[in-house]
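Take this sequence and fold it.
(chains A and B)
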Amino acid sequence: GQQLNQSPQSMFIQEGEDVSMNCTSSSIFNTWLWYKQDPGEGPVLLIALYKAGELTSNGRLTAQFGITRKDSFLNISASIPSDVGIYFCAGQNYDMRFGAGTRLTVKP
Amino acid sequence: DVKVTQSSRYLVKRTGEKVFLECVQDMDHENMFWYRQDPGLGLRLIYFSYDVKMKEKGDIPEGYSVSREKKERFSLILESASTNQTSMYLCASTEGRLSEAFFGQGTRLTVV
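Numbering: from 1, shown residues only, chains lettered A, B, ... in the order given. Down below sits the predicted model:
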């Protein structure tokens, strides 16, 4: 199947620091999405990207859809304790594939 | 609000049992998905369906089957449960081909 390589696998940061994570694929996707999962819950959408080269912000979150349609990144600025969780990238055609996730820990 | 409901949060089944995981969505979404989530592996696609009675294999369909008799309901079936199917199972739905997925809360299945 289509493989999404997400990095880093985990991050331990201080409150207030910026965070960056990315996802690459050998396949082209029509849509890239970023999700966050809190413990015991299903993933919740953070940002959706629909066009190659698109840069989209949602509060402290910024994500970009790579120009080759094979990659995407997510930045979180000025992290806060509630940013803790697992972040997943997802590539969408008529199905949807996920990366392995980035586990974020924020130390107050 | 879109709601995706999975019938059980926790299940414990014995090896060899036939297991049914049910998922219902209330927003008339076309597409429904079943994933399993394991530490370090992310969400892996088992099966998906883009219409009633239609199904497509994902990356790891072996040992599973699905049923979509009604638009709102997508069932995942473990024909003969095995211990390596112990996992968190997540159901999702989308309105169209390229649109946001809404997830259920997950079913944590333990096979003993």
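
ok, which residues in chain B are in contact with chain A?
Proximity of chain B to chain A, by Cβ under 8 Å from any Cβ of the partner chain, involves residues B:4, B:31, B:33, B:35, B:40-45, B:48, B:50, B:56, B:58-59, B:90, B:92, B:94, B:97-98, B:100-101, B:103-106. For the C-beta atoms, the positions are set from N, CA and C on the backbone; glycine is no exception.

which of these count as buried?
B:4, B:31, B:33, B:35, B:42-45, B:48, B:50, B:58, B:90, B:92, B:94, B:98, B:100-101, B:103-104, B:106 (16 or more other Cβ atoms under 10 Å in any protein chain shown).

Restricted to strands, list the residues of chain B next to chain A.
B:4, B:31, B:33, B:35, B:42-45, B:48, B:56, B:90, B:92, B:94, B:101, B:103 (DSSP state E).

So which bits of stretch A:95-108 are buried?
Those buried within stretch A:95-108 under the rule 16+ other Cβ under 10 Å are A:95-104, A:106.

So what touches stretch B:3-10?
Contacts to stretch B:3-10, defined as Cβ atoms under 8 Å, 6 or more residues apart in numbering or on different chains, come from residues A:42, B:21-27, B:89-93, B:102-108, B:110.

now do 6 Å
Residues from elsewhere that reach stretch B:3-10 (Cβ atoms under 6 Å, 6 or more residues apart in numbering or on different chains): B:22-26, B:91, B:93, B:102, B:104, B:107-108.
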